[in-house]
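S.K.: following is a predicted model, sequence given first.
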Amino acid sequence: MRRFLDRYWYAYAMVLPVVLVTGVLVLIPLAQGVFFTFTDINEGNIANPVLDRPATFSGVGLVNYLHVLSGDPAYGSFWSTLARTLVWTFGCVLAHFTIGLGLAVLLNRRVRGRAVYRALLILPWAVPSFISAFAWKYMFNAQYGVINQALRVVGLPDPVWLGQSDWALVAVMLVNVWLGVPFMMVALLGGLQAIPADLYEAAEVDGASPWQRFRDITLPGLRAVSGTVVLLGVIWTFNMFAVIYLVTGANPNTRILVTYAFERFFSGASRDYAIASTYGVLILSVLLVFVAGYRRALRGQEAA
Amino acid sequence: MAEVAYDKASRIFSGNPPVRAVDELSLDVADGEFLVLVGPSGSGKSTALRMLAGLEDVDEGAIKIGGKDVTNVPPKGRDIAMVFQSYALYPHMTVAENMGFALKLRGVAKGEIKAKVAEAAKMLDLTKYLDRKPKALSGGQRQRVAMGRAIVREPAVFLMDEPLSNLDAKLRVETRANIAALQQRLGTTTIYVTHDQVEAMTMGHRVAVLKDGLLQQCDTPRALYDKPGNAFVAGFMGSPAMNLKTVPLTAEGAKLDGLVVPLERRALDRAGADGLSEVTFGVRPESLALVGSSSVGMEMVVELVEELGADALVHGAVRIGGAAERFVVRVDGRTPPGLGQTVKVAVRDAGEVHLFHPESGVRLSS
Ligand SMILES: Nc1ncnc2c1ncn2[C@@H]1O[C@H](COP(=O)(O)OP(=O)(O)OP(=O)(O)O)[C@@H](O)[C@H]1O
Ligand SMILES: [Mg+2]
C-alpha cells in the first residue's frame, strides 16, 4: 500500500479535483433528490429563511412512488406519459438518424459546393434553440403561420397545430427533428469519411449494387459511430425539455416525463418537490435500464 | 478465361495542365498469360489496372476482355477479380464471409459457397482462420485472404495491384513463388502491377514497362533484359542498374578511358546517319570484368565494394572526357579488390554492349 501510494500519488492527486467536483455536482444533488422522493416536501413545508420558517416536511416512505406508478391522472398519468415519451424519443431519434444518414451520404460525395451545403445544414444547430423554437411556433400558427398558409394553397386540411390534440405532439417532434438532424449528420459524415474508399471498390468489383454496398459496407462501417450517437440521441431526446416547453408550454398532449416533472416543480398550487423528484428518479431508472440493454445488444452484435 | 486488350486507352485527369496518367496504351494479353506492369512511382500502373477493372474511366480508346468491348461496362459486368495493395478486406466479415461475398451477391447457394470457400482456403492454407476477422490475422494471412477472395470467384481475369508490397522481404519471395505457381495451376489471365523489377522479372510471362503513362516496351523478361528497347528500360530493369554513360563516338567504336569498345556495324551506321558524335553507352555490371594491369581497359578507382556473398559489386570512378563517371562491376565474391585500389576494367564481350540515342534514348544496337 505504501509503495503503491509512493508510486502513484501524483496520478491520484491529479484525479482528486475531478472526483471532488463530480461528487459535489452529481452525487450530492442526486442523493438529495433521491431523499426527497421519500418525503412529502413541497413549497409549504420546505425551510424558508425569508419567512424564518423551519422545515416541516416528513418522511412518507414509498407513498410517492405508489402514487406515481398507479398512473393516477392527479400524479401525471405516469404510464401514458411514459408511452408518449417513448413515442417522442424513438420517433425523433429514428427520424434524426435516417435523415442525418441520408444527408451525410449525399454530402459524402464529391458535389459542387459541398462546403456550402454542409454549413447550411449545420445552421439549425448554431441558432440558439429558443429562437428556433419561437420561429417554429410562429410558423405553426393556425391562422398566420406559413405552414398552414402553404397547406391551404395546395388544398390540404390545415390543423390547429399547437392546440389540444396530438397534432401538437407531431409539431414538436417536427421541430425537434429539425434541431437534431445536424448533429447526426455531422457525426455520421465523420463516420462515413473514415470508411476506406477501397472497400467500396472491392465491393464494386465483387459485384455489389449501390444498395448492397450501402448495406454491406456503409452500415457496418458506421456501426461504432451510430451506436454512440443513437445512444446519446435517445438520452438527450428522452430528457429534451426546452423544445417542448418553448413550443407548446404545459400542453398535456405534448407532456413527457421531464416536462411533467418540471410542471410539478415550478407550477401548480403547491410546488410539489417530492413528486417532481420521484419523476426524476424514475426517468433515471428508465434510462439506466435502456442503456444497459442497449450496450448488451451492441456487444452481442460485435461478437456475431 | 479470356484475353485482354488495351486499344489506345487513355486516362486523363483534369487539372492544369491535365495529367495523362495513361497515354494511348495499346497492349494485348493472351488468354492465360501472366503479364506484369512495371514502372517507377507515378508511371500510371495502378491507373491502367483500374481502367481494366472499371474503377477508372477510359477517356480515349477502348478496353476489351475476352473480345468483348467493356469500355463502358461497370466492374460488376467484367468478370474480373482484384487484389488491392491494401487488401481491402471487409473488416466486419470473417475470412469465410470475405471470400464468399461475391458469390453470395450472385445468389449462389449457401452449400456451394461453403464448398468453394473451403477449397480455396485449403489451397491457401487458410482453413484454420476461416472464422476469424481480418484484424486478427497477420499481414501474410491477410494477403492470402485477399487472394482467396479473388480465386473463389473463378473470374476471367485476375488483377493485382502491388499485392506483396506490405510483406517483409522473406515472405515476399515466398509469396511471389506461390502466386506464380497458383496462376500456373489455375491458368487464369493475370495482370500484375508492381514497382519492383525483380518481381516483374521473376513472375511475368511478359513484362510491360511504363513511364509517365507511356508504354516503353512489352516483352519477355529475358528479352527486356537482353535487348532493352530504350535507355529508360535498360536502366530500370536489372539490379544493380545498367551502367549508362554518354561517351564520344569514333570510327572504331565508343571511346571510354583507355578503352575503345568496338561496335557493331549496324549501330555505327545508324549513329552516323543521325550525325551523332556521342552515344549513350550501356553495359551491365556483369558484362564488365576486371583484367590484369597489362591488359587494355579503363582505369577505375575503387570507391565501394558491396559483398553479396556469391558476387561482389565494385563501385568506382572512371574518367571519361575529363569527368569522373561511376561504374559498377560485378566480380567474383571471393576475390574483390580493396578500397582505393586502381583496377583495370574491360568489357567481357562486345556483343553485350547496348547503345542508345543520347537524346531520344532509342536503342541503336540490334
Ligand atoms: N484521382 C487522380 N486525380 C489526379 N491525378 C491522379 C489521380 N490518380 C492518379 N493521378 C496521377 O496519375 C499518375 C499515375 O498514377 P498511378 O497511381 O497510376 O501511379 P502508379 O504507377 O500506380 O504509382 P505507384 O507505384 O506509386 O503506385 C500520377 O502522376 C498521379 O499523380
Ligand atoms: Mg499504384
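M.R.: Perfect, I can see it now. Residues are numbered from 1 along each chain as shown, chains lettered A, B, ... in the order given. Ligands and ions are numbered 1, 2, ... in the order given.
S.K.: show me where the stretch 201-304 of chain A has its helices.
M.R.: Using DSSP state H, counting those that start in this stretch, the helices assigned to the stretch 201-304 of chain A run over residues A:210-213, A:219-221, A:223-238, A:242-248, A:257-266, A:273-303.
S.K.: what does chain B have sitting close to chain A?
M.R.: Proximity of chain B to chain A (C-beta under 8 Å from any C-beta of the partner chain) is limited to residues B:53-55, B:74-76, B:80-82, B:84, B:86, B:88-92, B:101-102, B:105-106, B:149, B:153. Bear in mind the C-beta positions are built from the backbone N, C-alpha and C, glycine included.
S.K.: can you rerun that using 10 Å?
M.R.: Applying C-beta under 10 Å from any C-beta of the partner chain, one finds that chain B approaches chain A through B:50, B:53-56, B:74-93, B:97-98, B:101-106, B:146, B:149-150, B:153, B:155, B:159, B:161.
S.K.: would you say B:Val209 is within a strand?
M.R.: Yes. Judged by DSSP: H, G, I helix; E, B strand; the rest coil, B:Val209 forms part of a strand.
S.K.: look up the closest residue to it, ignoring the ones flanking it.
M.R.: B:Gln216 (4.4 Å; C-beta to C-beta, 6 or more residues apart in numbering or on different chains).
S.K.: nearest to ligand 1, of the helices of the stretch 201-304 of chain A?
M.R.: helix A:210-213 (19.7 Å; C-beta to the nearest ligand atom).
S.K.: what about the closest residue to B:Leu263 other than its chain neighbours, how many residues nearby?
M.R.: Closest residue in space to B:Leu263, ignoring its immediate chain neighbours: B:Gly253 at 4.3 Å, by C-beta to C-beta, 6+ apart. A count of nearby residues for B:Gly253, using other C-beta atoms under 10 Å in any protein chain shown, gives 21.
S.K.: please report phi then psi for whichever residue of the stretch 101-250 of chain B sits closest to ligand 1.
M.R.: As assessed by C-beta to the nearest ligand atom, ligand 1 sits closest to B:His195 within the stretch 101-250 of chain B, at 4.4 Å. Main-chain torsions, B:His195, degrees, to the nearest 10: phi -110, psi 0.
S.K.: my read: it touches B:Lys211, true?
M.R.: No. With contact defined as C-beta atoms under 10 Å, B:His195 does not count as touching B:Lys211 (11.7 Å).
S.K.: now do the shared contacts for these two.
M.R.: B:Val38, B:Gly39, B:Pro40, B:Gly42, B:Ser43, B:Phe236 (C-beta atoms under 10 Å, 6 or more residues apart in numbering or on different chains).
S.K.: OK, contacts around the residue lying closest to B:Pro163 once chain neighbours are set aside?
M.R.: Of all residues not flanking B:Pro163 in the chain, B:Val83 sits nearest, at 4.6 Å (C-beta to C-beta, 6+ apart). Contact partners of B:Val83, counting by C-beta under 10 Å, 6+ apart, are A:202, A:205, B:143, B:145-151, B:158-164, B:179, B:190, B:192-193.
S.K.: if we can go back for a sec, between the helices of the stretch 201-304 of chain A, which one is nearest to chain B?
M.R.: Nearest to chain B, of all these, is helix A:219-221, at 4.0 Å by C-beta to the nearest C-beta.
S.K.: what comes up buried for the closest one?
M.R.: A:Pro220, A:Gly221 (16 or more other C-beta atoms under 10 Å in any protein chain shown).
S.K.: please apply the same query to stretch A:32-46.
M.R.: Of all the residues in stretch A:32-46, those buried under the rule 16+ other C-beta under 10 Å are A:Gly33, A:Phe36, A:Thr37, A:Phe38, A:Thr39, A:Asp40, A:Ile41, A:Asn42, A:Asn45, A:Ile46.
S.K.: other residues contacting it?
M.R.: By C-beta under 10 Å, 6+ apart, stretch A:32-46 touches A:47, A:53-65, A:68, A:264-265, A:268-282, A:284.
S.K.: surely B:Gln85 is within a helix?
M.R.: No. Assessed with three-state DSSP, B:Gln85 is coil; it does not lie in a helix.
S.K.: mind listing what the nearest residue in space to A:Ala142 that is not next to it in sequence touches?
M.R.: Once flanking residues are discounted, A:Ala142 sits nearest to A:Val160: 4.4 Å by C-beta to C-beta, 6+ apart. By C-beta under 10 Å, 6+ apart, the contact list for A:Val160 reads A:Phe140, A:Asn141, A:Ala142, A:Gln143, A:Asn148, A:Trp167, A:Ala168, A:Ala171.
S.K.: looks like the residue nearest to B:Leu263 contacts B:Ser365 (just checking).
M.R.: No. Taking contacts as C-beta under 10 Å, B:Gly253 lies outside contact range of B:Ser365: 11.4 Å.
S.K.: need the overlap of contacts for those two.
M.R.: With C-beta under 10 Å, 6+ apart, B:Gly253 and B:Ser365 have common neighbours B:Leu263, B:Glu264, B:Ala267, B:Leu268, B:Val279, B:Phe281, B:Val353, B:Leu355.
S.K.: so among the contacts of stretch A:32-46, which ones count as buried?
M.R.: Buried, going by 16+ other C-beta under 10 Å: A:57, A:64-65, A:68, A:264-265, A:271-282, out of the contacts of stretch A:32-46.
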